[in-house]
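Trainee: One predicted model, sequence on top.
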Amino acid sequence: MDLFVDAYGLREKMDELDITTGWDEAVGPMIARHTKSVRLRKGKLNVKVDSAPLRHELTFMRERLIEILNRRAGRRVVVEIVLE
């Protein structure tokens, strides 16, 4: 299956789907409620939140979130998290 996914260039789309659906689980329900958008492009996870204080708190959690999301994916998919 992995060869098929790679051969047809679907890896990035599948990674994005896996990471964006895993976001709520990684951050928990309170943070997930304030998350408006999660997009993954070329290792950069763009997360839009509706609360400035929460965005500030998440800056301190970036490395841990990257670790959690990559562990869930089974490989290094997220390199950077950009909070908007």
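Mentor: On my side now, so go ahead. Remember, predicted model here, so these are calculated numbers, not experimental data.

Trainee: Break down the chain into its helices, ranges please.
Mentor: Assigned by DSSP state H, the helices in the chain fall at 2-7, 11-27, 29-33, 52-73.

Trainee: Could you dump those helices into a markdown table with distance to residue 42 added?
Mentor: Quick note: C-beta positions are derived from backbone N, CA and C, even for glycine. Shown next, in a markdown table, are those (distance: least, CB to CB, whole Å):
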| stretch | distance to residue 42 |
| --- | --- |
| helix 2-7 | 16 |
| helix 11-27 | 8 |
| helix 29-33 | 24 |
| helix 52-73 | 15 |
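
Trainee: From residue 59, how far off is residue 10?
Mentor: 32 Å (CB to CB, to the nearest Å).

Trainee: Go ahead and flag the most central residue of this protein.
Mentor: residue 19 (4.5 Å; CA atoms, centre = their mean).

Trainee: Isn't that one up against residue 77?
Mentor: Yes. Assessed by CB atoms under 8 Å, residue 19 is found in contact with residue 77 at 6.0 Å.

Trainee: Below-threshold pLDDT in this structure: ranges please.
Mentor: 1-9 (pLDDT under 70).

Trainee: repeat that for 90
Mentor: Applying pLDDT under 90 to the chain picks out residues 1-18, 20-22, 73-74.

Trainee: Provide a list of residues in contact with residue 46.
Mentor: By CB atoms under 8 Å, 6 or more residues apart in numbering, the residues touching residue 46 are 37-40, 82, 84.

Trainee: Could you tell me which residues touch both of residue 19 and residue 77?
Mentor: 40, 69.

Trainee: mind checking how far residue 46 is from residue 78?
Mentor: Residue 46 is 11 Å from residue 78, by CB to CB.

Trainee: which residues are in contact with both of these two?
Mentor: By CB under 8 Å, 6+ apart, residue 46 and residue 78 have these common neighbours: residue 40.

Trainee: Can you report how many residues neighbour the closest residue in space to residue 31 that isn't next to it in sequence?
Mentor: The shortest distance from residue 31 to any residue other than its chain neighbours is 6.7 Å, reached at residue 54 (CB to CB, 6 or more residues apart in numbering). Per other CB atoms under 10 Å, the neighbour tally for residue 54 reads 17.
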